[in-house]
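Novice: The amino acid sequence is not available; the structure is as follows:
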């Protein structure tokens with residue numbers, strides 16, 4: 001293990017060497033979906049550990065935005081806006097201006113409409129508009145023309161494309177002549193999140209998935225070194241993971257009749273409309289604290305959630321106690337819960353904290369940052385890429401100590 005860490009540390013130093021044909025180093029943003037911050041301490045990720053040792057780490061993790069779900073937080077990372085401001089308010093959502101439509105992850109006929117995404121400006125859009133070339137090896141929103149702009153190179157998300165092939169594609173992009181090489185690249189891995197859902201965050205399967213992804217990150221670092229390319233590498237996760245169980249389910253229809261509720265999404269959190277004509281009765285029954293969950297009117301959600309103003313958010317939002325799921329009896333009878341891990345809970349719960357590691361020529365070595373909000377990643381990316389960040393919810397200040405200048 002020590003020999004491997006030393007070898008990877010040496011590779012990192014070479015990756016941080018001056019680029020031979022670029023004004024700035026490549027900026028590489030890597031997401032490991034569902035990689036909880038403390039997974040890095042399990043001794044199964046030598047490549048990531050080497051990056052952290054030679055660069056920057058948020059040891060206690062990075063705080064996601066609410067809801068701590070995949071689409072909202074991936075879009076926050078690249079726009080610097082809270083979900084309440086960029087409009088990706090959940091993995092499942094509706095919009096009053098699109099009656100009859102429900103946005104769902106993977107629903108290409110709806111989710112691939114830029115209408116849902118145009119509330120934010122991803123960093124690749126700003127970079128392309130500034131004349132820089134970008135490439136995305138998967139990232140929510142990168143496979144459609146947000147505000148009429150796509151990355152120069154992009155691929156439609158396909159889970160069947162395994163991690164080695166994803167790294168191969170990134171290396172193929174950097175093999176281009178300098179004038180055609182991207183300045184900013186994203187890379188996305190979903191293995192750890194999948195294992196966390198099906199086997200739980202404390203499972204051997206999660207550690208195996210983390211090890212597989214780590215091996216590919218090590219291969220990528222080595223590939224950059226072999227090519228003599230400088231790179232600022234920023235590794236993030238969108239959220240953490242908490243253990244859940246079929247024995248820890250709360251039922252909203254124990255509080256109000258199911259027929260009085262129009263539920264948009266449920267699980268770790270729930271968003272719902274009262275049925276027409278039953279608004280007052282539903283509010284009286286649902287709003288407040290219940291065993292293992294609490295419901296609020298959208299305008300009175302806790303301030304620390306930074307959530308509740310966007311028109312896509314239904315009038316009532318409930319959040320389950322971490323480790324519990326909020327469902328309906330009919331829903332569980334039709335689709336019994338099989339997950340052993342979940343996210344989407346209050347982002348201030350430590351189990352929701354996400355990985356943050358960064359290394360490269362623009363980062364000081366051996367820096368350990370306190371917990372910060374994931375909206376702060378966007379101004380960091382803008383600084384690394386060399387574009388002016390748009391006004392948002394983040395601030396570079398919490399990460400300033402990690403930068404060499």
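Specialist: Happy to help now that I have it. Predicted, not measured: the structure shown is a model, and the values here were computed from it.

Novice: What is the least confident helix or strand in this protein?
Specialist: Of all helical and strand segments in the chain, the minimum by mean pLDDT, DSSP states H and E falls on helix 2-15, at a mean of 40.

Novice: Show the subsequent helix or strand relative to that helix.
Specialist: strand 26-32 (DSSP states H and E).

Novice: Just name whatever secondary elements the helix or strand just after that next one is in contact with.
Specialist: Note on strand 26-32: by DSSP H and E, the next helix or strand toward the C-terminus is helix 46-54. Under the contact criterion of 3 or more Cβ pairs under 8 Å, 6 or more residues apart in numbering; DSSP states H and E, the helices and strands touching helix 46-54 comprise helix 2-15, helix 204-226, strand 231-236, strand 356-359. The way it works is simple: take the backbone N, C-alpha and C, and place the C-beta from them, glycine included.

Novice: Buried deepest among the ones you listed, which one?
Specialist: Per-stretch averages of neighbours, counted by mean count of other Cβ atoms under 10 Å, single out strand 356-359 among those, with a mean of 29.

Novice: out of the helices and strands packed on helix 46-54, which comes closest to residue 374?
Specialist: Comparison of those against residue 374 by Cβ to Cβ identifies strand 231-236 as nearest, at 7.3 Å.

Novice: Adjacent strands (with direction) for that closest one?
Specialist: strand 26-32 (parallel), strand 356-359 (antiparallel) (DSSP bridges).

Novice: quick one, the first one and helix 204-226 angle?
Specialist: What separates the directions of strand 26-32 and helix 204-226 is an angle of 170 degrees, with axes from the mean of the first three to the mean of the last three Cα atoms, to 10 degrees.

Novice: and the angle for strand 26-32 with helix 46-54?
Specialist: 120 degrees.

Novice: Just the buried residues of strand 26-32, please?
Specialist: 26-32 (16 or more other Cβ atoms under 10 Å).

Novice: Please report the distance of the residue most central in space within the chain from residue 73.
Specialist: What sits nearest the mean C-alpha location of the chain, by Cα atoms, centre = their mean, is residue 238, with 2.4 Å. Residue 238 sits 4 Å away from residue 73, going by Cβ to Cβ, to the nearest Å.

Novice: who touches both of these two?
Specialist: Residues touching both residue 238 and residue 73 (Cβ atoms under 8 Å, 6 or more residues apart in numbering): 64, 354, 374.

Novice: now this protein, which segments are flagged as low pLDDT?
Specialist: 1-22, 107-108 (pLDDT under 70).

Novice: I'd guess residue 264 is in a helix, am I close?
Specialist: No. Per DSSP: H, G, I helix; E, B strand; the rest coil, residue 264 lies outside any helix segment and is strand.

Novice: OK, contacts around it?
Specialist: Residue 264 neighbours (Cβ under 8 Å, 6+ apart): 90, 92-94, 102, 271-273, 314.

Novice: And residue 186, by the same measure?
Specialist: Contacts for residue 186 were tallied using Cβ under 8 Å, 6+ apart; they are 28-31, 78, 124, 135-139, 142.

Novice: Swap in 10 Å and give it another go.
Specialist: When contacts are counted by Cβ atoms under 10 Å, 6 or more residues apart in numbering, residue 186 touches 27-31, 74, 77-78, 122-124, 134-139, 142, 151, 154, 170, 234, 381.

Novice: cool, residue 377 as well?
Specialist: Residues near residue 377 by Cβ under 10 Å, 6+ apart: 29, 62, 76-80, 123, 234, 236, 356, 358, 394, 396, 399.

Novice: Mind doing that once more with 7 Å?
Specialist: 77, 236, 394 (Cβ atoms under 7 Å, 6 or more residues apart in numbering).

Novice: Verify the stated contact: the second one with residue 354.
Specialist: So the one you mean is residue 236. Yes. Taking contacts as Cβ atoms under 7 Å, residue 236 lies within contact range of residue 354: 6.4 Å.

Novice: three-state assignment of the residue of the chain most remote from its centre?
Specialist: What lies farthest from the middle of the chain is residue 277; by Cα atoms, centre = their mean that is 38.0 Å. Recorded secondary structure, residue 277: coil (three-state DSSP).

Novice: go on, the one 5 residues further on?
Specialist: Counting by three-state DSSP, the backbone at residue 282 sits in helix.

Novice: Would you mind measuring from it to residue 62?
Specialist: Going from residue 282 to residue 62 by Cβ to Cβ gives 36 Å.

Novice: hang on, the earlier thing: please check the contacts of residue 186 and keep the buried ones.
Specialist: Buried by 16+ other Cβ under 10 Å: 27-31, 74, 77-78, 122-124, 134-139, 142, 151, 154, 170, 234, 381, out of the contacts of residue 186.

Novice: Of those, which belong to strands?
Specialist: Counting by DSSP state E, the part of the buried ones among the contacts of residue 186 found in strands is 27-31, 134-137, 154, 234.

Novice: Pick out whichever of the residues you listed sits closest to residue 364.
Specialist: residue 234 (14.2 Å).
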